[in-house]
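Student: Got a sequence here, can you model it:
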Amino acid sequence: MLEKRTYFMPSMGMIGPGVLQDVGAEIKSLGGTKALLVTDAVLVKLGVVKKLTDVLDAAGVEVTLFDGVQPNPTCANVNAGLKVLKDSDCDSIVSLGGGSPQDCAKAISILAVNGGDIRDYEGVMKSAKKGLPIVAINTTAGTASDVTINYVITDEERHVKMVMVDKNCLAAIAVNDPELMVAKPAALTAATGMDALTHAIEAYITKGAYRLTDALALESIKLISESLRDAVANGEDLDARSKMACGSFVAGMAFSNCGLGVVHSLAHQLGGVYNLPHGICNAVLLPHVMRFNASVCPEKLAQVAVAMGAEPTADAAIAAVEKLSADVGIPSGLKELGVSEEKMGVMADLALVDPCAPGNPRDMTREDAVEIYKAAM
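Tutor: A predicted model of the protein is given here:
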């Protein structure tokens, strides 16, 4: 019998080439009068923001721009965006970009309604009220922040990535137009794509997994395994970009509703301490955590291997992940990223209290965490 579950996802998802052109009308349907557009300066410079604002202008949607989001968004980014929202009397939010603008937008949304400091909301279900409506528009296939109840903000004072799991941050509309993802740099495509694969694999083996999330996670693993190499090799390959957009979206639908594991809890600390790209940290750590978990979920890892086109064994799954990472140019170890052993103990302590850690299929000790970091060097 299927146990009782509560499933969260946006009330509307728009996916496929050209859906950006339909966004204006849907934003107007939310009933807001002025939207804060949360993005980063790079997307302004590349002309991606103009593609969106042209659509919004044509639909009569008034927007105020906040382009101050940096990679691994900080508390200061959130506070700056909140000030622009309040000063401009915005009553809704449009986020454009990868995970950083999406997460920053969620934090602004929560604070706009609930007040306080974003540090107050670290952890699980800490807000009392639904945030401002968000239309989340992706420009990468990776984080799936558009579809999840999760967001991550860096506390720059503590050098900690704060993980928030909160149904009140869920976007009203998730938009994945692969035409916005073409021509992205190969390294970015690889990093975000491996982030999505990590979401799918962790969702499949997490303690919270169930039949619905299993089906979604396996489909995501299959889509990403089939298309990531092509998307990295040819950024203009719209078919590969479309499969990656779908794979990322489906992975988000899975992990947002069943949880993740210690790949993410360990990676969050690398991001907080060293300010490293999240997707690359996940990719480097993933095979080592799979080895750590293999003794408790060999059958599930065998199915991961099958979804990746390999023989049905846990070892084959690990080998397939390692080969995919190598093929798309992911660094072979943490040493290449400037990580040293001196901070591993501190990061291990933080990883143990990260909200993602309890979902791992095998409980991790401090010593285990340090050993995984060392193995990934």
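Student: Strands along this structure, start to end?
Tutor: 12-15, 35-38, 63-66, 92-97, 123-124, 134-138, 150-155, 160-165, 173-176 (DSSP state E).
Student: I'd like to check what contacts the third one. Which residues are they?
Tutor: So that's strand 63-66. 34-39, 44, 49, 53, 56, 80-81, 84-85, 88, 90, 94 (Cβ atoms under 8 Å, 6 or more residues apart in numbering). Using the backbone N, CA and C atoms, a C-beta is placed for each residue, glycine as well.
Student: Filter the residues you listed down to the buried ones.
Tutor: The neighbour-count test (16 or more other Cβ atoms under 10 Å) marks 35-39, 44, 49, 53, 56, 80-81, 84-85, 88, 90, 94 as buried among the contacts of strand 63-66.
Student: of all the residues you listed, which two lie farthest apart?
Tutor: Using Cβ to Cβ, these reach their maximum pairwise distance at 56 and 80, which is 21.8 Å.
Student: Roughly how far does residue 172 sit from residue 12?
Tutor: 7 Å (Cβ to Cβ, to the nearest Å).
Student: Please apply the same query to residue 161.
Tutor: Computed with Cβ to Cβ, the distance linking residue 161 and residue 12 is 29 Å.
Student: what's the answer for residue 218, then?
Tutor: 25 Å.
Student: more neighbours, these two?
Tutor: Shown here are residue 218 and residue 12; by other Cβ atoms under 10 Å, residue 218 has more neighbours (21 against 14).
Student: List the residues that contact the more buried one.
Tutor: Counting by Cβ under 8 Å, 6+ apart, residue 218 touches 200, 204, 303, 304, 307.
Student: Output those residues in TSV, with pLDDT and distance to residue 265 appended to each entry.
Tutor: What follows is those, written out as TSV (pLDDT from 0 to 100; distance: Cβ to Cβ, whole Å):
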residue	pLDDT	distance to residue 265
200	98	17
204	98	17
303	98	23
304	98	20
307	98	24
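Student: Break the protein down into its domains, please.
Tutor: 12-180, 186-375 (automatic domain parsing).
Student: Please produce CSV containing those, extended by distance to residue 4.
Tutor: Shown next, in CSV, are the domains of the chain (distance: least, Cβ to Cβ, whole Å):
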stretch, distance to residue 4
domain 12-180, 16
domain 186-375, 10
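Student: Indicate which one of these is closest to residue 5.
Tutor: Of those, nearest to residue 5 by Cβ to Cβ is domain 186-375, at 6.4 Å.
Student: Tell me the span between the first and last residue of the closest one.
Tutor: Domain 186-375 has an end-to-end distance of 26 Å (criterion: Cα to Cα, to the nearest Å).
Student: same question, stretch 306-324
Tutor: Start-to-end, stretch 306-324 (Cα to Cα) is 14 Å.
Student: chain center to that stretch: distance?
Tutor: 23 Å (Cα atoms, centre = their mean, to the nearest Å).
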